[in-house]
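Colleague: return atomic coordinates for the entry below.
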Amino acid sequence: MILLSQILQTTLPVLYGIAALFYLIYFFTKRIGVSRGATSFLSGGTVLHATYTIALGVLLGRHPMATIFEFLSFVAMTMAIIYLFLETYYKNKFIGAFVVPAVFVLQFIASIGVDVSSTLVPMLREVKFALHASMFASAYAAYFLGVLFAVMLLMFERSLKQKNYGIIFEQLPSLSILVKMTISTTVIGFIFMTVGLGIGAHTAASAVQGFHMDPKIGFTVLVWLVYAFVIFAHFFLRWSDRRTAILNLLGFVLLALSTVISHASISSWHQFVR
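Modeller: So this is what the prediction gives:
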């Protein structure tokens with residue numbers, strides 16, 4: 001099992017890297033053969049990634065999401081899965097030139113840093129932790145996609161205003177589709193985060209005294225409120241697409257900041273490595 005996990009750990013960034021290269025080539029050339037190769041490599045990498053996650057979990061005897069590198073690996077896999085669904089649904093592969101390189105970078109970092117020798121707290125073997133961590137990783141993946149689509153949306157609007165109809169304008173989906181993709185991934189992320197918060201609060205209330213004092217929880221609740229307002233502002237206040245996209249970016253910055261704080265703060269009970 002150790003050998004299998006090591007082989008897959010090395011293979012995954014290679015497959016994602018090739019897929020990213022193919023998507024970038026397709027973005028600039030529109031070659032159908034290249035687009036098929038891009039999807040094939042990404043799909044194959046995703047299947048192997050799921051196999052790797054299972055193998056790593058068996059090897060560690062727990063859900064493999066305790067360290068930042070294990071977490072990044074799960075986020076990369078979830079991003080790839082969600083993206084493949086969106087690619088099929090919207091029938092547009094050009095957005096892969098923005099998404100798949102991000103998946104490659106995340107998995108490359110994860111493959112370098114995963115350490116099977118770390119000593120971790122017993123809580124990681126509980127089913128509730130697995131559900132809580134999976135929900136949050138899925139939320140991160142959806143939010144990451146949402147912020148990428150928000151950036152594409154802002155780039156598209158800028159091209160329209162400046163009447164600069166270059167390759168980015170030509171290859172990106174229509175503005176309405178970019179809005180739908182941004183909001184749909186944000187809503188998906190919000191649902192995952194809400195469920196993850198509920199499971200985490202229920203688990204921590206009985207297992208950790210004073211869990212509400214954890215700085216990670218404070219920032220997470222703040223992020224949850226920001227994304228709740230993003231959704232509310234879009235559907236009920238009818239905010240402009242630009243304002244919604246910018247607020248989406250703010251939410252993701254806070255999300256990333258909360259992750260850094262939880263791994264840097266010695267007072268956070270989210271420190272699982274001993």
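
Colleague: can you map out the strands along the protein?
Modeller: Counting by DSSP state E, the chain forms no strands at all.

Colleague: tell me the residue furthest from the middle of it?
Modeller: The centre of the chain is farthest from one residue, residue 163, which by CA atoms, centre = their mean lies 32.5 Å away.

Colleague: how near is residue 64 to residue 83?
Modeller: In this view, residue 64 and residue 83 are 21 Å apart by CB to CB, to the nearest Å. No exception for glycine: its C-beta is placed from N, CA and C like everyone else's.

Colleague: between the two, which has more neighbouring residues?
Modeller: residue 64 (26 against 23; other CB atoms under 10 Å).

Colleague: how near is the residue farthest from the centre of the chain to residue 242?
Modeller: Distance, residue 163 to residue 242, using CB to CB: 17 Å.

Colleague: so how far is residue 235 from residue 228?
Modeller: According to CB to CB, residue 228 and residue 235 sit 11 Å apart.

Colleague: same check, this time on residue 156
Modeller: Where residue 235 is concerned, residue 156 sits at a distance of 21 Å (CB to CB).

Colleague: which of those two has more neighbours?
Modeller: Each of residue 156 and residue 235 has its neighbours counted (other CB under 10 Å); residue 156 has more, 21 against 12.

Colleague: identify the residues contacting the more buried one.
Modeller: Residue 156 sits next to 168-169, 172, 175, 178 when contact means CB atoms under 8 Å, 6 or more residues apart in numbering.

Colleague: likewise for residue 194?
Modeller: Applying CB under 8 Å, 6+ apart, we find residue 194 in contact with residue 224.
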